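Colleague: Need a 3D model of the sequence below.
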Amino acid sequence: MRALVTGGTGKTGSAVARGLRARGVTAAIASRHPRDPDHVRFDWADPSSHDSALKDVDAVYMVAPALVTDPDRLMVPFIDRALARGVERFVLLSSSALDARAPGLGAVHAALQARAPAWTVLRPSWFMQNLVDPQHALGRAIRSERAFVSASGHGRIGFIDAEDIAAVAVATLLAPADADLILTGPEALSYDDAAAILSDVLGEPVVHRAIPVDEWCARLVAAGMPADYAAMLGALEQAIAGGAEDRVTDEVLRRTGRPPRSLRAVARAAFAS
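Modeller: Next up, the predicted model:
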C-alpha cells in the first residue's frame, strides 16, 4: 500500500506518515518544495503537480490548503483526478466546528461521501498543541507572556492531541469507517480551565483574558491573516461561547484501542522539552 500524505510536514501529517510507516505502508509526503527522498512535489493550487504525486497511490490523507475559505474549488477536482487514477481510500481532516452541509470544506465532505469507494472524514476539536507550540500564536503568548486572549468567553472545548488525530487517521486509512467522526480529547475545557492546568504544569500563573470578537479578529488581521478568514474564525469563537464545542466523544478509543491524552499530559511533555 502507498499513501499520499498532504500536509505531511504539519502537526497531524507528519505523525500520520510515521504511523503509516510503522504499519508497513509507504508514505509519500506531498510538498511544494520536495527536499527529501520520500517527498513528492504537490501544490493544491497547481493541478499539473497532482498526477505525478498520485502515481501508484492507493490512499490519500487530505489536509485543506491553509487560509483558503473555499477549498472545495481545489480539492474536489483533485478527488476526481485521484479516483480516475484508481485511488480507493480517502481520509479528510476537517473540523468539529464545520457543518458537513456547509459550503467550502463541507462540499469536500459531500464529494467523498458520494464518490469515494472508501472514505472517512475526521472532525477533530481544537488542537492541544495550539496552547503549547511556540509556532502558534496562543502557544507563543503563553510561553513568552504567561497570558493569552480568546473571544470564546466561558465556552468549553474538547481539546485533542494532534497525535491522537493522526492515530485515528492511520487506523481509518487502513480500515475505512465510511463515516464522519467527531474527535475530542478526554474532557471539555474552557480557556480558563486550560489556563489553570497550564499554571499547574508550569508552576506559575497563566492568565486567560476574554475579549470581544471584533477585537480578537482585528488582532488576527493585524498579524497578517486575510480578513475573510479571520471573520470565519471569529464566528467559530462565538459558536464556542454559545456551547457548540462542549462535548466529548469516544471515537479515539474506539478507533485506536487507547484513550486520548489529556491536556495535562501534553503540556507536561511540551514544557519539559
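
Colleague: Name all residues that make contact with the spatially closest residue to residue 204 that is not a sequence neighbour.
Modeller: Residue nearest to residue 204 in three dimensions, not counting chain neighbours: residue 146, with 6.4 Å by CB to CB, 6 or more residues apart in numbering. No exception for glycine: its C-beta is placed from N, CA and C like everyone else's. Applying CB atoms under 8 Å, 6 or more residues apart in numbering to residue 146 gives the contacts 202, 204-207.

Colleague: Okay, helices next: where are they in this protein?
Modeller: Along the chain, counting by DSSP state H, helices occupy 11-22, 50-53, 72-84, 105-115, 137-145, 162-174, 191-202, 213-222, 227-241, 251-256, 263-272.

Colleague: So which of the contacts of residue 146 sit within strands?
Modeller: Among these, the members falling in strands (DSSP state E) are residue 207.

Colleague: could I get the contacts of residue 146 as a markdown table with pLDDT, distance to residue 180 and neighbour count?
Modeller: Output for the contacts of residue 146, formatted as a markdown table (pLDDT from 0 to 100; distance: CB to CB, whole Å; neighbours: other CB atoms under 10 Å):
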| residue | pLDDT | distance to residue 180 | neighbour count |
| --- | --- | --- | --- |
| 202 | 97 | 37 | 15 |
| 204 | 96 | 41 | 9 |
| 205 | 98 | 40 | 11 |
| 206 | 98 | 34 | 22 |
| 207 | 98 | 37 | 14 |
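
Colleague: would you turn the contacts of residue 146 into TSV with distance to residue 226?
Modeller: Listed next are these as TSV, based on distance: CB to CB, whole Å:
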residue	distance to residue 226
202	33
204	35
205	34
206	29
207	29
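
Colleague: tell me the two of the contacts of residue 146 that are most distant?
Modeller: Spatially, the most separated pair among the contacts of residue 146 is 202 and 207, at 11.8 Å (CB to CB).

Colleague: Disregarding flanking residues, what is the spatial nearest neighbour of residue 220?
Modeller: Spatial nearest neighbour of residue 220, excluding adjacent residues (CB to CB, 6+ apart): residue 230 at 4.0 Å.

Colleague: which ones are touching residue 261?
Modeller: With CB under 8 Å, 6+ apart, residue 261 has these contacts: 128, 161, 163-164, 185-186.

Colleague: Give me the neighbour count for residue 182.
Modeller: As a burial measure, residue 182 scores 18 neighbours (other CB atoms under 10 Å).

Colleague: ok, now residue 232?
Modeller: Around residue 232 there are 14 residues (other CB under 10 Å).

Colleague: In space, what's closest to it - neighbours in sequence excluded?
Modeller: Spatial nearest neighbour of residue 232, chain neighbours left out: residue 69 (6.1 Å); criterion: CB to CB, 6+ apart.

Colleague: Ramachandran angles for the one you found?
Modeller: Residue 69 adopts backbone torsions of phi -80, psi -10, taken as degrees, to the nearest 10.

Colleague: start to end distance for stretch 87-105?
Modeller: Terminal residues of stretch 87-105 are spaced 20 Å apart (CA to CA, to the nearest Å).

Colleague: when you give positions from now on, start the count at 11
Modeller: New numbering, starting at 11: the last item is stretch 97-115.

Colleague: Flag every buried residue along that stretch.
Modeller: Buried residues in stretch 97-115, counted by 16 or more other CB atoms under 10 Å: 97, 99-108, 114-115.

Colleague: who are the neighbours in contact with residue 225?
Modeller: Residue 225 is in contact with residue 161, counting by CB under 8 Å, 6+ apart.

Colleague: From residue 253, how far off is it?
Modeller: 22 Å (CB to CB, to the nearest Å).

Colleague: Please apply the same query to residue 55.
Modeller: Taken as CB to CB, the span from residue 55 to residue 253 is 37 Å.
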